Structure formats: structure tokens, C-alpha cells
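1. sequence and computational prediction follow.
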Amino acid sequence: MVVEKNDIAAKLAELRQQYTASLPDKYATIAKAWQRLLLDVTDRKALDDLIILCHTLAGSGTSFGYPRITEIARTLEHELKQAQEGKQVVDTTLQQRIRQHLDHLRAQITLPPDSQSAVSTNHPTAESPWNKRKANATPLIYLVEDDKILQLELTTHLIQSGFRVYGFINGSEALKALSAYEHWPDAVIMDLNLPDMQGTRLIQELHQKVHPDLPCLITSGNSDMTSRILAVRAGALSFFPKPIDVEVLTESLDRHTRVKQAEPYRVLIVDDDHSTGEFHASHLQQAGMLTRIQSNPMNILNSVAEFNPE
């Protein structure tokens, strides 16, 4: 099906209007969830639900022209996660901070999109060294794995398969290596549970510091659905349960770092907020890509099998 650019532009404008109109309801839902938590600050379900609401809002604000809303929602999410992880109790001090954040959030939803003060995200520009990689260069892989024996085995196999490999035992080491631009990776393989941070957090750091499109692959000793969903939500392109099938891993790296396809890229968008998914899909279609939206994480594997996204 051929989609005219004018049609896509109109669709984007319509989605932005719908999002703006939905903001008061989104705020009301968050405020109601906060009041529910205050009834019993030990209610884990209420806390988890509130974190999810803040996370969803943080993930959509900037896309629709509300960077300040994203910033406030992320701050709320961070504060609440401190309580979720037992690092902070929901005492009067935290409650006061949350109320202040909610007041700021309520004030922001009355402003039109793009009028808010922009939040610096430090995303790389077109001049980023990652964008200047040579198509015929040997791909460089960052391998972040604290099991030194497994790291050595994977490194040996990948080198034999034609890749360059830099190994790290934790996420902090991999991030420090980014200070030398000439060593930026073409893809990163990481364990889901690293000694100093979660692999999901490392993916977010890499996408911010290197490039949002940097291919990240997750390995894990747990192959349960929860681990897979966490990896996909964080932006991982592939998930490999241990013991790792190195042949399949190599094929995935080939596909993401060296194979150039003449056909339009196929992009599966996973977002529990369908309007945000539609917004991103419209942008990608404008760039000539084929898209499909999946709002139910439990159906991701079926969508991957049917749509065969890159």
C-alpha cells in the first residue's frame, strides 16, 4: 500500500491533537493512583501501578512535543522506584516531593506542545562518530559478560566469524570505553544481570550516548517470559538464553551489523500506549519503512514470527 506523505503528516497532526486532549485524563489517573497509595503506603500493588503510569507518560511526552512532561514523569518514576527497591520509604518527606512533582505536572499539561523548555537528552547528531562508520569495515562488538570463561568462548567464536571484539566484565567498563570515539561499537552483547547494573539500564545508557539505533542483544540464564519482556521493553533486538547458540547469535549480529537490504526495513513497535506507537509508526512510514504495532507484550513473539522485523 502506498502512503502519501501528506496523509502521514495529517495523521501525525491528528495523533498529536489526540494526545494533547488526553493529558488531563492521564494526569487524573496518576493523581488517583497516588491517592490510593497514600491510603496504605505499604501497598506494593498500588506502588507498582503508579510506577507503570509514570513510566508510560515519560515514554510518550517528548514524542508529542512535551519534553518537560517527560522530564517530570521520569523524576516521579525514579522517586517511586527508590521506594519500590527499598532504598526509600514513603514518608512525609517523599510524599511532599511527589506532591510537588504532581503540581508541576498538572501545570505543564495546560501548555501547548513545543512551547515547553526542551530537555537536553544528549542524543548524538548526524555528525556522531557512530553515523560515520564505514560500510565495509570489520564490525566491532562490545561483549559485556562477567563470566570470564563464557566471555572468552564467545570472543573466540566471534573473532573466527569475522568480528572485532572488546570484552568487559561490567557495564561501567563498557560505558567508559565510549570516551574514545574510534572505539564505538557496531553492536553490543550483554548479560541481563551484570554485577554493577541491569542490562536493561545499560541498553538505555548506550542508546543515549552512542545512538538510538545501536543494536543491543541480551543474554540471560533465565529464559522466562518476564526476562524476555524486560529485554524487549528496554530496546534489545534479540534475546539469547544460556547456554547460547553461538551460530544463531552470529547470524543475528550479521543481520544487524553488515547485511544491507534493498527492501524497506520492517519495524515492530512494542508500546503499551497505542497512540504513542501510532505516532512512531507514522514517522517511520514517512521514512519509507514498514511498521506493525504490538501493544500486548505477551504477543510479541507471535508478532515477530509473523512480521519478521529487522
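-> Structure received.
2. which helices and strands does the helix or strand harbouring T226 pack with?
-> T226 is located in helix 225-234, with elements delineated by DSSP states H and E. Packed against helix 225-234 by the contact rule (3 or more C-beta pairs under 8 Å, 6 or more residues apart in numbering; DSSP states H and E) you find helix 199-209, strand 216-220, strand 238-241, helix 300-307. (Each C-beta comes from the backbone N, C-alpha and C, glycine too.)
3. so which bits of the first one are buried?
-> Spelled out, that is helix 199-209. Buried residues in helix 199-209, counted by 16 or more other C-beta atoms under 10 Å: 199-200, 202-203, 206-207, 209.
4. now pLDDT and distance to L154 too, for the residues you listed, in a markdown table please.
-> Formatted as a markdown table, those follow (pLDDT from 0 to 100; distance: C-beta to C-beta, whole Å):
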| residue | pLDDT | distance to L154 |
| --- | --- | --- |
| G199 | 92 | 15 |
| T200 | 91 | 20 |
| L202 | 94 | 17 |
| I203 | 93 | 18 |
| L206 | 90 | 18 |
| H207 | 87 | 22 |
| K209 | 84 | 23 |
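5. of the residues you listed, closest to T93?
-> Among the buried residues of helix 199-209, T200 lies closest to T93 (C-beta to C-beta), at 28.6 Å.
6. would you confirm that the closest one contacts I229?
-> No: with contact defined as C-beta atoms under 8 Å, T200 does not reach I229; the gap is 10.4 Å.
7. so where's the stretch 1-150 of the chain uncertain?
-> Where the stretch 1-150 of the chain drops to pLDDT under 70, the residues are 1-9, 112-136.
8. so which residues of it form helices?
-> Using DSSP state H, counting those that start in this stretch, the helices of the stretch 1-150 of the chain run over residues 5-39, 44-61, 67-84, 92-108, 148-160.
9. wait, which of these is closest to D273?
-> Taking the helices of the stretch 1-150 of the chain one by one with C-beta to C-beta, helix 44-61 is closest: 5.3 Å.
10. packing partners of that closest one?
-> Applying 3+ C-beta pairs under 8 Å, 6+ apart, one finds that helix 44-61 contacts helix 5-39, helix 67-84, helix 274-286.
11. model confidence score at K260, please.
-> Looking at K260, its pLDDT reads 50.
12. now mean neighbour count and distance to E173 too, for the helices of the stretch 1-150 of the chain, in JSON lines please.
-> What follows is the helices of the stretch 1-150 of the chain, written out as JSON lines (neighbours: other C-beta atoms under 10 Å; distance: least, C-beta to C-beta, whole Å):
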{"stretch": "helix 5-39", "mean neighbour count": "15", "distance to E173": "37"}
{"stretch": "helix 44-61", "mean neighbour count": "19", "distance to E173": "28"}
{"stretch": "helix 67-84", "mean neighbour count": "20", "distance to E173": "24"}
{"stretch": "helix 92-108", "mean neighbour count": "15", "distance to E173": "33"}
{"stretch": "helix 148-160", "mean neighbour count": "15", "distance to E173": "12"}
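13. that older thread, tell me the one of the buried residues of helix 199-209 nearest E278?
-> Taking C-beta to C-beta as the measure, E278 sits nearest to H207 out of the buried residues of helix 199-209, at 21.6 Å.
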